[in-house]
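Asker: here is my input; please provide its structure:
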Amino acid sequence: MGRGLLARWLTGFCFWALVALGLTGCDPGVELTPCAADCEGVACLACVSSRPEESLRPALACDQLPAPSRCLGPRVLERCEGGAVHREDCSADTTCVEAPSVACVTGSACVDGVSRCTESRGLQVCLNGRWTSRACDAGCEAAPGRGFCGAPGPTLSGTVRYARRFPDAEFRAWTLDAQTVPAQGFLIVSFQSRTVLDSQVTDDAGRFTLKVPSTSNEDDRIVVYAAGRGRDGEVAYAVADPGLPGAQAVPTAPGDAARIWSWARTTRELSEQPTLTLTEAEGSGAAAVFDVLGTAWRRMRERYNGRDGLPVVAWLGFGTTWSCGACFAQWPVTAVGREWSAQVWLPGDSDAAWWSDAMVMHELGHWVMASRGSSPDEGGPHYVGVPTFPGQAWSEGWATWFSADARRSPRYYDRQGGTMFWVDLSARASSVSPWTRPHAEEGLLQRVDENEVAAILYRTATATPSSQPLYDALAAPSMNRAPWARGYTRHTWSRDAKGALTDVVDTGRSSPFLADFLDALVCQGFARTLVDAATEPASAFPYPSHEPLCP
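Answerer: Next comes the predicted model:
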């Protein structure tokens, strides 16, 4: 590994063939909570256009809006201004509501699955980031972090928090002292002996209220799971311990002791001290990963009209490392009582990279692409600041941009090999290597630094009040139908000990890359001048915005 270059193997789709996995675990037909209880501990050239923007038809004309303004999901406000449709992303602590008027309103955001009572004792449940009324003839009874339809009987209220570390002010190391933060969106279950008595989801402050036995016994307990449900009520995303020691190859089957991360306290203990704090010694790093996973799940649903992503499990075992470092693949697996359509592998070594929200969210950016777009399926070793093949650069660049957009921060950071590094998309700057720009004379199919792709996406998205057009372009039919118009074909390769490319093979298989995405974006009506400002086609990436390839 060259000085100043940090390798990140296969952080996107891995390049070897899918193999049969033959995994063990709980019966996949069993519901999560009983199953978890039973299985704990087991198993081209410069092209700046002078043509007017109106030469391309906008994606949506004002006369097509059902009203002068509306909410396009819980986070995006859409309105007609001056004959054109404008979108605006609501801030992190607000939600778009349509009554009494369309606006981004503070204090209305919610965590899916949480319930509450209105002032008139009506029951509301959070669905897709919005409070929705539910029938309740008995009248809603309010409790901390929850509302019940009618009197619930004996309950226990408390708060779940977890200890975590952040980057220090200089982004050189993790902070020496851990901070305690709310555990939001965790599945929490009360058991009477081995019988599930009640379950809910912790709210944004980590609060919960659960039904408990009228008389508590020593084996009654409250269990917090690093798991979240999809729209059908089934567990759809989770963080799990693979039950494997030391260095492992991807995709090694999880061990017999693989389990969804969970933390238990006796009901009696919590009734005396109602704050459940997950410590580092207990694996709070897994809680930090789940917090990011839950955020990614919600962000994608917000962008895609409440649609769930692929069921995904993130593997994190402290002391367990993977041949890919950190990576994602759309490889199905049956494990820990569920069938999963996709997997994320995260390192559990002394770098403690599980504290990097940026890195974890990056891997989930690949999940978003797999769920709503098409991956170029081009993976292999790649390095910070070193240009790579267009397909991989597109996949990795999208993932890094999604991480920035979901976290509302242009700075990516991670720790590898004892060194923490950062990349700033807004400044096109890195702590470990000079920034590598494309060269216009080398055309669209040149090798590109993945972070340059991310910076182009970042500048494109931040040039308007909403990043929604980028999500729409990812899911556009032209981005999900082969062959792709720009004619790029997938490559495979290896790298030697010095990072030089070896064994390069052009498979001849059509694959999407950045220019195809920009076509989809411009063809949907996105301003070409804004794309040019991000790509700088005269000197850098020569995307011809005046001649997009539209279906």
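Asker: start to end distance for stretch 131-143?
Answerer: 17 Å (C-alpha to C-alpha, to the nearest Å).
Asker: buried sites along it?
Answerer: Residues of stretch 131-143 classed as buried by neighbour count (16 or more other C-beta atoms under 10 Å): 131, 136, 140-143. Using the backbone N, CA and C atoms, a C-beta is placed for each residue, glycine as well.
Asker: could the residues you listed go into a markdown table alongside distance to R307?
Answerer: As requested, those are arranged in a markdown table below (distance: C-beta to C-beta, whole Å):
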| residue | distance to R307 |
| --- | --- |
| W131 | 20 |
| C136 | 28 |
| C140 | 29 |
| E141 | 33 |
| A142 | 31 |
| A143 | 31 |
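Asker: which ones among these lie within strands?
Answerer: Here DSSP state E is the test, and the buried residues of stretch 131-143 give 131, 140-143 as lying in strands.
Asker: ok, L187 touching G230?
Answerer: No: taking contact to mean C-beta atoms under 8 Å, the distance of 12.0 Å between L187 and G230 leaves them out of contact.
Asker: so which of those two has more stuff around it?
Answerer: L187 (24 against 16; other C-beta atoms under 10 Å).
Asker: what packs against the strand or helix carrying F421?
Answerer: In this structure, F421 is located in strand 419-424 according to DSSP states H and E. If contacts are counted by 3 or more C-beta pairs under 8 Å, 6 or more residues apart in numbering; DSSP states H and E, strand 419-424 sits against strand 411-416, strand 429-430.
Asker: deepest of those, which one?
Answerer: strand 411-416 (a mean of 22; mean count of other C-beta atoms under 10 Å).
Asker: residues contacting I222?
Answerer: Taking C-beta atoms under 8 Å, 6 or more residues apart in numbering, we find I222 in contact with 156, 158, 188-191, 210, 264-267, 270, 276.
Asker: let's see that with 6 Å instead.
Answerer: The neighbours of I222, taking C-beta atoms under 6 Å, 6 or more residues apart in numbering as the test, are 190, 265, 267, 270.
Asker: which one of the helices and strands packed on strand 419-424 lies closest to H382?
Answerer: With respect to H382, and counting by C-beta to C-beta, the nearest of the helices and strands packed on strand 419-424 is strand 411-416 at 12.8 Å.
Asker: packing partners for that closest one?
Answerer: With contacts taken as 3 or more C-beta pairs under 6 Å, 6 or more residues apart in numbering; DSSP states H and E, strand 411-416 sits against helix 357-372, strand 419-424.
Asker: in a markdown table, list those along with mean neighbour count.
Answerer: Converted to a markdown table, the helices and strands packed on strand 411-416 look like this (neighbours: other C-beta atoms under 10 Å):
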| stretch | mean neighbour count |
| --- | --- |
| helix 357-372 | 25 |
| strand 419-424 | 20 |
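Asker: got the ones you listed as JSON lines, with mean pLDDT and distance to V312 columns?
Answerer: Output for the helices and strands packed on strand 411-416, formatted as JSON lines (pLDDT from 0 to 100; distance: least, C-beta to C-beta, whole Å):
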{"stretch": "helix 357-372", "mean pLDDT": "98", "distance to V312": "6"}
{"stretch": "strand 419-424", "mean pLDDT": "97", "distance to V312": "25"}
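Asker: let's have the ones you listed in JSON lines, adding distance to C324.
Answerer: Written out in JSON lines, the entries for those read as follows (distance: least, C-beta to C-beta, whole Å):
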{"stretch": "helix 357-372", "distance to C324": "10"}
{"stretch": "strand 419-424", "distance to C324": "18"}
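Asker: on that earlier part again, looking at the helices and strands packed on strand 419-424, which is nearest to F513?
Answerer: Of all the helices and strands packed on strand 419-424, strand 411-416 comes closest under C-beta to C-beta, at 20.5 Å.
Asker: so for the closest one, mean pLDDT?
Answerer: For strand 411-416, the mean per-residue pLDDT is 97.
Asker: what angle separates it from strand 419-424?
Answerer: Comparing the axes of strand 411-416 and strand 419-424 via axes from the mean of the first three to the mean of the last three C-alpha atoms, to 10 degrees yields an angle of 160 degrees.
Asker: how many degrees apart are strand 411-416 and helix 357-372 in direction?
Answerer: Using the same axes, to 10 degrees, strand 411-416 lies at 110 degrees relative to helix 357-372.
Asker: may I have the strands that pair with strand 411-416, each with its orientation?
Answerer: Note on strand 411-416: by DSSP bridges, its sheet partners are strand 419-424 (antiparallel).
Asker: C-alpha coordinates for the strand it pairs with, PDB please?
Answerer: What follows is the C-alpha trace of strand 419-424 in PDB, where atoms were taken according to Å, rounded to 0.1, in the frame of the first residue of the first chain:
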ATOM      1  CA  THR A 419      -5.200   6.200  10.500                       C
ATOM      2  CA  MET A 420      -8.300   8.400  10.400                       C
ATOM      3  CA  PHE A 421      -8.900  10.300   7.100                       C
ATOM      4  CA  TRP A 422     -11.500  12.600   5.700                       C
ATOM      5  CA  VAL A 423     -12.800  13.800   2.300                       C
ATOM      6  CA  ASP A 424     -14.700  17.100   2.000                       C
END
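Asker: not counting its neighbours along the chain, what's nearest D219?
Answerer: The shortest distance from D219 to any residue other than its chain neighbours is 5.1 Å, reached at S193 (C-beta to C-beta, 6 or more residues apart in numbering).
Asker: no no, D424
Answerer: Leaving out its chain neighbours, the residue that sits closest to D424 by C-beta to C-beta, 6+ apart is R411, at 5.2 Å.
Asker: please apply the same query to V504.
Answerer: That would be W493: by C-beta to C-beta, 6+ apart, it lies 4.5 Å from V504.
Asker: and for the one you found, the neighbour number?
Answerer: 19.
Asker: part of a strand, is it?
Answerer: Yes: residue state for W493 (DSSP: H, G, I helix; E, B strand; the rest coil) corresponds to a strand.
Asker: how about the contacts made by it?
Answerer: With contacts taken as C-beta under 6 Å, 6+ apart, W493 has the following neighbours: 380, 501, 503-504.
Asker: out of the residues you listed, give me the one that has the most neighbours.
Answerer: By neighbour count, taken as other C-beta under 10 Å, the most surrounded of the contacts of W493 turns out to be G380 (22 neighbours).
Asker: is it fair to say that residue lies in a strand?
Answerer: No: G380 sits outside any strand when classified using three-state DSSP, being coil.
Asker: how near is it to T400?
Answerer: From G380 across to T400, the span is 17 Å (C-beta to C-beta, to the nearest Å).
Asker: same check on T209?
Answerer: Where T400 is concerned, T209 sits at a distance of 39 Å (C-beta to C-beta).
Asker: T95 now?
Answerer: Going from T95 to T400 by C-beta to C-beta gives 27 Å.
Asker: those two - which one has more neighbours?
Answerer: For the pair T95 and T400, the greater number of neighbours falls to T400 (26 against 23), based on other C-beta under 10 Å.
Asker: thinking again about what came up before, count of residues packed around the residue nearest to D219?
Answerer: Quick note: S193 (other C-beta under 10 Å) scores 12 neighbours.
Asker: what's the spacing between the top helix by length along the chain and its chain's center?
Answerer: Ranked by residue count, the top helix of the chain under DSSP state H comes out as helix 284-303. The gap between where helix 284-303 is centred and where its chain is centred comes out at 6 Å by C-alpha atoms, centre = their mean, to the nearest Å.
Asker: what helices and strands are in contact with that helix?
Answerer: Under the contact rule (3+ C-beta pairs under 6 Å, 6+ apart), helix 284-303 is packed against strand 155-164, strand 235-241, helix 357-372.
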